[in-house]
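[1] with the input below, show me the fold.
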Amino acid sequence: MDLTGGNIRLYASPWSAPGWMKTNGRMKGGGPLKGEVNGEYYQAYAKYFLRFFEEYAKYGIRFWGMTLQNEPIVGGIPHFPWQSMHYTAEMQRDFMKGTLGPALKRNRLTKDLKVMVYDESRTLLPSWADTVYNDPEATKYIDGIGVHWYLDTAIPATVLSSVHERHPQKFILATEACTGAFVQRGPLMGDWGRAQEYAVDIIEDLNHFVAGWTDWNLCLDERGGPNWVDNFVDSPIIVNAKRDEFYKQPMFYAMGHFSKFIKKDAIKIETRVIGTTDIVATSMTYQGRRTMVLVNRYNSPHFVTVDDLETGRHLRLTVDPRSIATVLWDKQ
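    Here you go, the predicted structure:
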């Protein structure tokens with residue numbers, strides 16, 4: 001926060017209410033809150049949200065946004081191995097309009113929070129968004145949806161475009177991604193393939209109306225932890241605590257192509273790649289400057305011509321095999 005002068009957007013994402021509020025009696029494992037939606041347990045839980053933000057504010061930490069629940073679909077699995085909690089789209093809709101939404105708006109610290117629902121893989125889109133947004137009361141308290149990347153290879157990004165087309169006034173934010181969660185668990189030091197996975201997924205999301213993209217882990221140790229249930233995964237930064245060192249993985253530099261060159265308030269430009277499926281690309285404009293990020297997924301170089309149809313300018317470049325390239329040019 002010091003490095004950005006406080007200009008950093010923080011959002012909170014709860015994984016479970018206290019166990020005494022849940023039907024299974026534990027934070028670990030799936031299950032909803034006890035009782036009816038907007039009953040006494042929901043009323044109590046809403047106060048937890050407010051208190052969370054109030055306590056952080058005492059230390060000068062203000063939040064930009066929040067999600068209602070991390071992975072509410074997974075939260076329906078009874079013996080899920082870590083903290084989780086279940087909502088349906090209807091439960092989120094009714095809790096937001098009946099209890100939590102009004103409570104957040106009444107509190108001076110939370111009245112301007114950007115509230116996201118869903119916060120899950122693409123599985124139930126766009127239907128989940130339709131359920132919460134089509135309610136005229138609930139939609140007043142919801143600003144966007146969060147999406148996770150874990151099933152992106154199985155569910156096409158067109159579902160994100162469908163959400164945007166049906167609800168263009170709401171935003172979509174990619175709220176969680178990491179590699180090493182399934183195949184080849186944990187860190188793979190220096191692995192380029194995982195960097196390419198990140199870059200391709202970010203480009204795909206941006207090209208389907210996603211406003212931003214979040215890596216799950218700031219940094220992890222050499223095992224991909226610490227983690228209390230041995231859920232070891234990979235991270236852009238790996239820390240060797242014994243040697244007081246940290247290592248920037250290729251994923252770190254892949255993210256840098258976007259975080260360094262695409263400004264926070266940049267506007268998306270429609271980008272079409274013609275003649276090959278080996279190249280994926282996305283483009284933005286900000287204060288008269290164009291930014292294009294390209295990924296060559298192929299094992300040979302690609303000769304690329306960039307045509308800026310608005311200005312009539314043409315750029316020619318060679319994109320190295322299995323590489324990421326960022327191109328900047330002025331609109332004038």
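
[2] if I look at the residue lying closest to R290 once chain neighbours are set aside, what pLDDT would I see?
    Closest residue in space to R290, ignoring its immediate chain neighbours: W329 at 5.2 Å, by Cβ to Cβ, 6 or more residues apart in numbering. C-beta: built from backbone N, CA, C; applies to glycine. W329 is assigned a pLDDT of 94 by the prediction.

[3] list the contacts of W329.
    Residues in contact with W329 (Cβ atoms under 8 Å, 6 or more residues apart in numbering) are 289-290, 308, 313, 315.

[4] need the worst-confidence member of those residues.
    Checking pLDDT across the contacts of W329, the minimum falls on R313 at 88.

[5] returning to that earlier point: please report phi then psi for the residue nearest to R290.
    phi -150, psi 150 (degrees, to the nearest 10).

[6] so how far is V293 from it?
    Counting by Cβ to Cβ, to the nearest Å, the gap from W329 to V293 is 13 Å.

[7] which residues in the stretch 1-150 of the chain form strands?
    Under the criterion DSSP state E, counting those that start in this stretch, the stretch 1-150 of the chain contains strands at 11-12, 65-67, 114-120, 144-148.

[8] which residues sit against the first one?
    Just to be clear, that refers to strand 11-12. 52-53, 63-67, 114, 116, 175.

[9] report the buried members of those residues.
    Buried residues within those, counting neighbours by 16 or more other Cβ atoms under 10 Å: 53, 63, 65-67, 114, 116, 175.

[10] need those residues in CSV (columns: pLDDT).
    Shown next, in CSV, are those (pLDDT from 0 to 100):
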residue, pLDDT
F53, 98
F63, 97
G65, 98
M66, 99
T67, 99
K114, 99
M116, 99
T175, 98
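
[11] where do the helices sit along this protein?
    Listed in chain order, the helices of the chain (DSSP state H) span residues 40-57, 89-95, 101-106, 127-133, 158-166, 192-206, 250-259.

[12] which helices and strands sit right next to the longest one?
    Think helix 40-57. Secondary-structure packing of helix 40-57 (3 or more Cβ pairs under 8 Å, 6 or more residues apart in numbering; DSSP states H and E): helix 101-106.

[13] which of the residues in the helix it packs on are buried?
    By 16+ other Cβ under 10 Å, the buried positions in helix 101-106 come out as 101, 103-104.

[14] for Y45, which non-adjacent residue is spatially closest?
    A17 is the one closest to Y45 (Cβ to Cβ, 6+ apart), at 5.1 Å.

[15] so who does that neighbour touch?
    If you count contacts by Cβ under 8 Å, 6+ apart, A17 has them with 27, 33, 41, 45, 48, 85.

[16] contacts only, for the last one.
    Pointing back at M85 there. 14-17, 22, 30-33, 69, 72, 75.

[17] buried ones among these?
    For the contacts of M85, buried by 16+ other Cβ under 10 Å: 14, 16-17, 22, 30-33, 69, 72, 75.

[18] now do stretch 183-190: distance to the chain's middle.
    Averaged C-alpha coordinates place stretch 183-190 at 21 Å from its chain's average position (Cα atoms, centre = their mean, to the nearest Å).

[19] same deal with stretch 97-110?
    Remark: stretch 97-110 is offset 23 Å from the chain centroid, using Cα atoms, centre = their mean.

[20] ok, of the contacts of A17, which one's closest to D265?
    Set against D265, the nearest of those by Cβ to Cβ is Y48 (32.7 Å).

[21] check the gap between the closest one and R185 for me.
    In this view, Y48 and R185 are 33 Å apart by Cβ to Cβ.

[22] between these two, tell me which one has more neighbours.
    Taking Y48 and R185 together and counting by other Cβ atoms under 10 Å, R185 has the greater number of neighbours (16 against 12).

[23] my understanding was that the more buried one contacts D230; is that so?
    No - contact criterion Cβ atoms under 8 Å: R185 and D230 do not qualify, at 9.3 Å.

[24] coming back round to it: turn the contacts of M85 into CSV, columns for distance to Q92 and pLDDT.
    What follows is the contacts of M85, written out as CSV (distance: Cβ to Cβ, whole Å; pLDDT from 0 to 100):
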residue, distance to Q92, pLDDT
P14, 13, 98
W15, 15, 98
S16, 15, 98
A17, 14, 98
K22, 16, 98
G30, 15, 95
G31, 15, 97
P32, 11, 98
L33, 12, 99
Q69, 7, 99
P72, 7, 98
G75, 11, 97
